[in-house]
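Enquirer: no sequence for this one, just the structure:
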Ligand code: ADP
Ligand code: MG
């Protein structure tokens with residue numbers, strides 16, 4: 001199933017993250033694709049805000065992974081950009097889909113082998129100005145219905 005929507009500001013994209021939290025089952029994984037500056041990390045910030053995480057979520061490009069335990073549920077934020085062309089066997093699979101948490105992966109194309117089959121795919125595309133076209137794909141009927 002596929003759902004398309006448009007956001008017109010960073011705040012609107014963050015609100016989409018809030019919706020994701022409301023609809024996400026425990027252990028859900030979200031894969032975020034889109035060019036640099038599309039709004040992937042902004043969406044993660046919205047997810048973090050909805051989880052009442054106080055730490056500021058920055059793009060973890062230099063850290064590969066950050067795990068936030070100070071919110072309502074754990075948030076696992078992975079940015080796989082730096083894992084292009086390197087051995088990705090560094091234990092990330094232990095965290096992806098972790099317990100009651102929400103896992104969000106930027107640049108999932110670089111760790112394809114580690115992506116759960118039921119991951120929710122989110123693609124963000126730049127349009128003019130602050131406009132972003134967002135496509136969400138998932139087999140989870142309840143999740144997709146909830147987005148509407
Ligand atoms: P990425 O992680 O995809 O590289 P970021 O989330 O770090 O992108 O950066 C996106 C930038 O675009 C931020 O500065 C954000 O404020 C801005 N922005 C403007 N409009 C939007 C929008 N509709 N959705 C998301 N971000 C937006
Ligand atoms: Mg980012």
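Expert: It's in. Since we're looking at a predicted model, the values are computed, not measured. Residues are numbered from 1 along each chain as shown. Ligands and ions are numbered 1, 2, ... in the order given.
Enquirer: alpha carbons only for contacts and neighbour counts from here, please
Expert: OK.
Enquirer: Please tell me how far the residue in the chain that ligand 2 sits nearest to sits from residue 105.
Expert: Closest contact between the chain and ligand 2, by Cα to the ion, is at residue 41 (4.2 Å). Residue 41 sits 10 Å away from residue 105, going by Cα to Cα, to the nearest Å.
Enquirer: Counting neighbours, what do you get for the nearest residue to residue 26 once chain neighbours are set aside?
Expert: For residue 26, ignoring the flanking residues on the chain, the nearest one in space by Cα to Cα, 6 or more residues apart in numbering is residue 100 at 4.2 Å. Residue 100 has 15 neighbouring residues, counting by other Cα atoms under 10 Å.
Enquirer: Could I get the full set of helices for the protein?
Expert: 10-23, 40-50, 141-147 (DSSP state H).
Enquirer: just those helices: most buried one?
Expert: helix 40-50 (a mean of 24; mean count of other Cα atoms under 10 Å).
Enquirer: gap between the two ends of stretch 66-75?
Expert: The straight-line separation of the ends of stretch 66-75 (Cα to Cα) is 8 Å.
Enquirer: Mind listing what's buried along that stretch?
Expert: Of the residues in stretch 66-75, 66, 68, 73, 74, 75 count as buried by neighbour count, 16 or more other Cα atoms under 10 Å.
Enquirer: ok, which pair from those is furthest apart?
Expert: Farthest pair in those (Cα to Cα) is 66 and 73. Separation: 14.0 Å.
Enquirer: circling back to that earlier point, list the ones among the buried residues of stretch 66-75 that fall in strands.
Expert: 66, 68, 75 (DSSP state E).
Enquirer: So which of these is the closest to residue 15?
Expert: Closest to residue 15, out of all of these and judged by Cα to Cα, is residue 75, at 16.6 Å.
Enquirer: Can you tell me which residue is spatially central in the protein?
Expert: Per Cα atoms, centre = their mean, the C-alpha nearest to the average position across the chain is that of residue 104, at 3.4 Å.
Enquirer: hang on, isn't it packed against residue 74?
Expert: No. Using Cα atoms under 8 Å, residue 104 is not in contact with residue 74; the gap is 11.0 Å.
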